[in-house]
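Participant: Provided below are the primary sequence and the corresponding predicted coordinates.
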Amino acid sequence: MTYDAVIETLRPLLAAEIGAELPVPTPAAEPGDVEQAVWLRLLERLGAHGPPGDLAAWLSCAVRAEARRQRRTAARHEPLYGTEPAADARATDPELRLLARERTRSLHAAVRRLPGRCPRLIRALLSPQDLTYREIAGELGISQGSLGPERARCLGCLRRILSPEVARTARRGNGEGQPVNR
């Protein structure tokens, strides 16, 4: 059996397993990201050890493990609530509007400095049109499956570009305007 035949045979089973594990997609674990990670695990497994004995059971375990991993990762990266002013305050306060525009300008300047096709990808992700992965992949001319790793790589580059700027503007202290005694 060829790899293409294996993939075509497993695709419906993988979709069913992901649907059972993630009945409602969340930002913590997106079905497309889980699918992509499981395919990658399978390819690594095939290259290193050959096919698993019970492919269906392996697939089910891999989906559960990947969904858990993504949820744990998302939980570690949850934003701290209360650190941003309320949306209505940003809309009416001129100083907050100015700061928001400056953050947006800095972000877009950093996006322009990204390598390769990262600027186009990040602009598509930031688009007010709220494009789907399928639409973004079509716009960039890449497969939908490669979008997740490409996005992760581009966001890593963006994080490295922005971290010195964030460090320069970050306030020091205990979060209440008081300096920390050392």
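Facilitator: Alright, I've got the coordinates. The structure presented is a predicted model; accordingly, all values stated were derived computationally and were not measured.

Participant: care to break this protein down by domain?
Facilitator: 3-76, 87-169 (automatic domain parsing).

Participant: could you redo those as CSV and give each row mean neighbour count and mean pLDDT?
Facilitator: Quick note: C-beta positions are derived from backbone N, CA and C, even for glycine. Putting those into CSV (neighbours: other Cβ atoms under 10 Å; pLDDT from 0 to 100) gives the following:
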stretch, mean neighbour count, mean pLDDT
domain 3-76, 14, 82
domain 87-169, 13, 84
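
Participant: Spit out the contact partners of E66.
Facilitator: 34, 37-38, 41 (Cβ atoms under 8 Å, 6 or more residues apart in numbering).

Participant: how does it look with 10 Å?
Facilitator: Contacts here follow Cβ atoms under 10 Å, 6 or more residues apart in numbering; on that basis E66 touches 18, 21, 29, 33-38, 40-41.

Participant: Now the residue nearest the centre of the chain: which helix or strand?
Facilitator: Residue closest to the average C-alpha location in the chain (Cα atoms, centre = their mean): A152, at 5.9 Å. Per DSSP states H and E: A152 is located in helix 147-169.

Participant: before we move on, back to that, quick one: the residue nearest to the centre of the chain and R159, what's the gap?
Facilitator: If you measure A152 against R159 using Cβ to Cβ, to the nearest Å, the figure is 10 Å.

Participant: picking that back up, show me the contacts of E66 that map onto helices.
Facilitator: 18, 21, 33-38, 40-41 (DSSP state H).

Participant: Next, format the residues you listed as TSV and append distance to A62.
Facilitator: TSV is the format used below for the ones in helices among the contacts of E66 (distance: Cβ to Cβ, whole Å):
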residue	distance to A62
I18	10
E21	10
D33	13
V34	9
E35	10
Q36	12
A37	8
V38	5
L40	10
R41	5
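
Participant: ok so, going back, relative to L125, which of the contacts of E66 is nearest.
Facilitator: D33 (13.6 Å; Cβ to Cβ).

Participant: show me the contacts for the closest one.
Facilitator: 18, 22, 25, 66-67, 70, 133, 147-149, 151-152.

Participant: Distance check, E95 against A57.
Facilitator: In terms of Cβ to Cβ, E95 sits 58 Å off from A57.

Participant: for L98, same thing?
Facilitator: Between L98 and A57 the distance is 57 Å, computed by Cβ to Cβ.

Participant: Where do the helices of the protein begin and end?
Facilitator: Under DSSP H, the chain gives helices at 3-21, 31-49, 55-76, 87-92, 94-112, 118-126, 133-140, 147-169.

Participant: Return the distance of the last one from the chain's centre.
Facilitator: What it means is helix 147-169. For helix 147-169, the separation from the chain centroid amounts to 12 Å (computed by Cα atoms, centre = their mean, to the nearest Å).

Participant: From what I see, G148 and E30 are in contact.
Facilitator: Yes: when contacts are counted by Cβ atoms under 10 Å, G148 is listed as touching E30 (8.1 Å).
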